[in-house]
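**Q** Sequence and predicted structure below; questions after.
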4 protein chains.
Amino acid sequence: MAQDRFAPPHGAFTRSVPVRFSHCDPAGIVYFPHYFDMFNGLIEDWYAAELGYDFAGLVMGSRYGFPFVHIECDFKVPSRMGDVIDLTLLVERIGCSSLGILIICHRDGVERLRARMVTAMMSLETRQAVPLPDPLRDKLEAYRRRTNAE
Amino acid sequence: MAQDRFAPPHGAFTRSVPVRFSHCDPAGIVYFPHYFDMFNGLIEDWYAAELGYDFAGLVMGSRYGFPFVHIECDFKVPSRMGDVIDLTLLVERIGCSSLGILIICHRDGVERLRARMVTAMMSLETRQAVPLPDPLRDKLEAYRRRTNAE
Amino acid sequence: MAQDRFAPPHGAFTRSVPVRFSHCDPAGIVYFPHYFDMFNGLIEDWYAAELGYDFAGLVMGSRYGFPFVHIECDFKVPSRMGDVIDLTLLVERIGCSSLGILIICHRDGVERLRARMVTAMMSLETRQAVPLPDPLRDKLEAYRRRTNAE
Amino acid sequence: MAQDRFAPPHGAFTRSVPVRFSHCDPAGIVYFPHYFDMFNGLIEDWYAAELGYDFAGLVMGSRYGFPFVHIECDFKVPSRMGDVIDLTLLVERIGCSSLGILIICHRDGVERLRARMVTAMMSLETRQAVPLPDPLRDKLEAYRRRTNAE
């Protein structure tokens, strides 16, 4: 089967994650919900490292939530215990209160998994969607521009 | 916002799941990867109850794996600790070695979440896709017919 | 190795849990943190079934928390995918704001795992321990009496 | 309440773990089974960093398992989203096929949690305990000596 190649755009946020014993199932590969947990952690780290926001502060302090409203994921190559996989985050779409991100899991230039995820920003008090605040929006736009997201 | 209504087709496999403390995040709603874990459990129960196959036997005995190759999910209404949600499984497509299923999470006639998930059947020994065995295929076709999957 | 036998006392709260694919690790047995998750679910169900308290209401409504302060666990016989294990809950000690429970995991009369767990009752507002309310204490005492906890 | 102070012995293996949104429950603190998952990851990293063993290779290659046979844990100070906690691993006892380790979770010199965990080494083929191989035992002894485990 032809493999999909992937190289992160210059400046894209990438983190390596070791595939642990606890990620793997009796078939010896990552049990798929763990990928989504890894992605959530990646997004937290990206907020801090690239957008300058403390994710914990946004949730516990400012009482914002960022629930996912849509997820699409193609699993191409399984990962096994002991692999180290790279996760790259790109911004696809910046809506009024929604944010479309793309996460690519890859290793040695081969794409293993690709996920499109849309989050909404909401108030945990009113449980209503809130527009992305301008300072956050500016950071998101800047990240998208500098990473040439697909 | 208009709500999507859902009523399971006659004969469709439905299981109720209590939303537990452990499913919920600091925002008080189900942390989304847990839904995928619930879906995996639903599929296991469906194999036993509707297809007459022991999922554990297929994996540990016959050494088959059923990795997901594609997932799409729309999250419409969040669920909170103490809710009891109903999960209904329908068959969308029966391929050579792949199976497309639809899982709808609903409560009181309102759709909360809808997922399309495609699994492949593979040998854990050769790590290659294998065609769905005829007896399993017949059971899948029969289930699809009797539930009028959308 | 000699096996420990276990038979639940008359009236003890017992629930069966199927060991799922997702509970198991690459060694084919339950990955141990999942047991603690099962125990937490058992405790929720026990509050509802035996004590007449809605656990979600206690946490989300009355804003009580029940953090664990001590856990001890002996793992005796591993469990594998497809096993159905029985979990029995007994009350060991009722303190001022703490509760000592014993959970035994067993199957076919053989003890597989035994855990002693102490929870404290606290206010989520003040983050201080609170005494067990009398109605709850009465229910706990009654449960302990009728199950002759060891 | 008096706090327990903790300073890792010189040379002790310590890793920092960020407390993530996904670790926390509706009460806003780490849901306790996640600590055990963190400990398992810590042990894997310790095998690689301090003992020179690839944990994945031991399990998937050499077909050894390291199930826990006993766990004791005192939870002293809860951790919240956004905290960074330090986990230190010490060796308490080296048996024939068993290994007793001590994991202390701490931050800013204050002990938050202390766990004693005993693992056994077993063959995944025969499902029997196997003696710790001498090279591994030597590494364990050396680690214990150089860290002055309590």
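**A** Yep, it's here. Numbering: from 1, shown residues only, chains lettered A, B, ... in the order given.

**Q** In contact with the nearest residue to A:D37 once chain neighbours are set aside, which residues are there?
**A** In space, and not counting its chain neighbours, A:D37 is closest to B:P33: 4.9 Å by Cβ to Cβ, 6 or more residues apart in numbering or on different chains. Bear in mind the C-beta positions are built from the backbone N, C-alpha and C, glycine included. By Cβ atoms under 8 Å, 6 or more residues apart in numbering or on different chains, B:P33 lies in contact with A:33-34, A:36-37, A:40, D:22.

**Q** Kindly indicate which of these lies nearest A:D83.
**A** Closest approach between the contacts of B:P33 and A:D83, by Cβ to Cβ: A:H34, at 12.7 Å.

**Q** Can you tell me the element A:A115 falls in?
**A** strand A:110-120 (DSSP states H and E).

**Q** in that strand, what's buried?
**A** Within strand A:110-120, the residues that count as buried by 16 or more other Cβ atoms under 10 Å in any protein chain shown are A:111-120.

**Q** can you put the residues you listed in a markdown table and add distance to C:E125 and pLDDT?
**A** Output for these, formatted as a markdown table (distance: Cβ to Cβ, whole Å; pLDDT from 0 to 100):
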| residue | distance to C:E125 | pLDDT |
| --- | --- | --- |
| A:E111 | 48 | 98 |
| A:R112 | 45 | 98 |
| A:L113 | 42 | 98 |
| A:R114 | 44 | 98 |
| A:A115 | 38 | 98 |
| A:R116 | 40 | 98 |
| A:M117 | 34 | 98 |
| A:V118 | 35 | 98 |
| A:T119 | 30 | 97 |
| A:A120 | 29 | 96 |
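
**Q** returning to what we had before: out of the contacts of B:P33, which sit inside strands?
**A** In strands, defined here by DSSP state E, there are no members of those.

**Q** So which of those are in helices?
**A** A:33-34, A:36-37, A:40 (DSSP state H).

**Q** Closest to chain C out of the residues you listed?
**A** Nearest to chain C among the ones in helices among the contacts of B:P33: A:P33, at 7.6 Å, using Cβ to the nearest Cβ.

**Q** Chain A: helices as residue ranges?
**A** Secondary structure of chain A by DSSP H: the helices cover A:33-46, A:55-56, A:134-147.

**Q** Among those, show the one with the smallest mean pLDDT.
**A** Confidence, taken as mean pLDDT, is least for helix A:55-56 of the helices of chain A (a mean of 92).

**Q** gap between that helix and the chain center?
**A** Its chain's C-alpha centre and that of helix A:55-56 lie 15 Å apart, by Cα atoms, centre = their mean, to the nearest Å.

**Q** returning to that earlier point: how about the helices of chain A in CSV, adding distance to B:R15?
**A** As requested, the helices of chain A are exported to CSV (distance: least, Cβ to Cβ, whole Å):
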stretch, distance to B:R15
helix A:33-46, 18
helix A:55-56, 34
helix A:134-147, 40
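
**Q** Get me the contact residues on chain A for chain D.
**A** A:18-22, A:28, A:37, A:40-41, A:44, A:54-57, A:59-60, A:80-82 (Cβ under 8 Å from any Cβ of the partner chain).

**Q** counting contacts, what elements does the strand holding A:A115 pack onto?
**A** Where contact means 3 or more Cβ pairs under 8 Å, 6 or more residues apart in numbering or on different chains; DSSP states H and E, strand A:110-120 is packed against helix A:33-46, strand A:68-75, strand A:84-94, strand A:98-107.

**Q** Let's see that with 10 Å instead.
**A** The contact analysis (3 or more Cβ pairs under 10 Å, 6 or more residues apart in numbering or on different chains; DSSP states H and E) places strand A:110-120 against helix A:33-46, strand A:68-75, strand A:84-94, strand A:98-107, strand B:68-75.

**Q** Only the C-alpha atoms, please, for the longest one, written as PDB.
**A** Extracted in PDB, the C-alpha atoms of helix A:33-46 (Å, rounded to 0.1, in the frame of the first residue of the first chain):
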ATOM      1  CA  PRO A  33      -9.400   6.600  22.100                       C
ATOM      2  CA  HIS A  34      -6.000   7.200  23.500                       C
ATOM      3  CA  TYR A  35      -5.100   9.200  20.300                       C
ATOM      4  CA  PHE A  36      -7.900  11.600  21.100                       C
ATOM      5  CA  ASP A  37      -6.500  12.000  24.600                       C
ATOM      6  CA  MET A  38      -3.000  12.700  23.200                       C
ATOM      7  CA  PHE A  39      -4.600  15.300  20.900                       C
ATOM      8  CA  ASN A  40      -6.200  17.100  23.800                       C
ATOM      9  CA  GLY A  41      -2.900  17.300  25.600                       C
ATOM     10  CA  LEU A  42      -1.300  18.500  22.400                       C
ATOM     11  CA  ILE A  43      -3.800  21.300  22.100                       C
ATOM     12  CA  GLU A  44      -3.200  22.400  25.700                       C
ATOM     13  CA  ASP A  45       0.600  22.500  25.100                       C
ATOM     14  CA  TRP A  46       0.000  24.500  21.900                       C
END
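
**Q** Off-centre distance for that helix?
**A** Centre-to-centre, helix A:33-46 and its host chain are 6 Å apart (Cα atoms, centre = their mean).

**Q** before we move on, what about the last one?
**A** Centroid separation for strand B:68-75 versus its chain: 11 Å, with Cα atoms, centre = their mean.

**Q** Any buried residues in that strand, and which?
**A** Counting neighbours by 16+ other Cβ under 10 Å, the buried set in strand B:68-75 is B:68-75.

**Q** for it, packing partners?
**A** Secondary-structure packing of strand B:68-75 (3+ Cβ pairs under 10 Å, 6+ apart): helix A:33-46, strand A:68-75, strand A:110-120, helix B:33-46, strand B:98-107, strand B:110-120.

**Q** In a markdown table: those, plus distance to B:R127.
**A** Converted to a markdown table, those look like this (distance: least, Cβ to Cβ, whole Å):
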| stretch | distance to B:R127 |
| --- | --- |
| helix A:33-46 | 19 |
| strand A:68-75 | 14 |
| strand A:110-120 | 15 |
| helix B:33-46 | 20 |
| strand B:98-107 | 16 |
| strand B:110-120 | 11 |
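
**Q** out of these, nearest to C:L124?
**A** Nearest of these to C:L124, taken as Cβ to Cβ: helix B:33-46 at 21.5 Å.

**Q** Point out where chain A drops to low pLDDT.
**A** Applying pLDDT under 70 to chain A flags the ranges A:1, A:149-150.

**Q** So for A:S97, what's the nearest residue that isn't a sequence neighbour?
**A** Leaving aside its sequence neighbours, A:S97 sits nearest to A:A129 (Cβ to Cβ, 6+ apart; 4.3 Å).

**Q** Name all residues that make contact with that neighbour.
**A** Contacts for A:A129 (Cβ atoms under 10 Å, 6 or more residues apart in numbering or on different chains) come out as A:65, A:67, A:69, A:95-98, A:120-123, B:1.

**Q** mind giving me TSV with the residues you listed and columns for distance to B:P8?
**A** Output for the contacts of A:A129, formatted as TSV (distance: Cβ to Cβ, whole Å):
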residue	distance to B:P8
A:G65	30
A:P67	25
A:V69	23
A:G95	33
A:C96	34
A:S97	32
A:S98	30
A:A120	28
A:M121	33
A:M122	29
A:S123	33
B:M1	23
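
**Q** Now for A:T126: which residues touch it?
**A** For A:T126, the contacting residues are A:R63, by Cβ under 10 Å, 6+ apart.

**Q** Near chain C, which residues of chain A? Just list them.
**A** Contact residues, chain A versus chain C (Cβ under 10 Å from any Cβ of the partner chain): A:21-29, A:31-34, A:80-81.

**Q** This completes my enquiry, with thanks.
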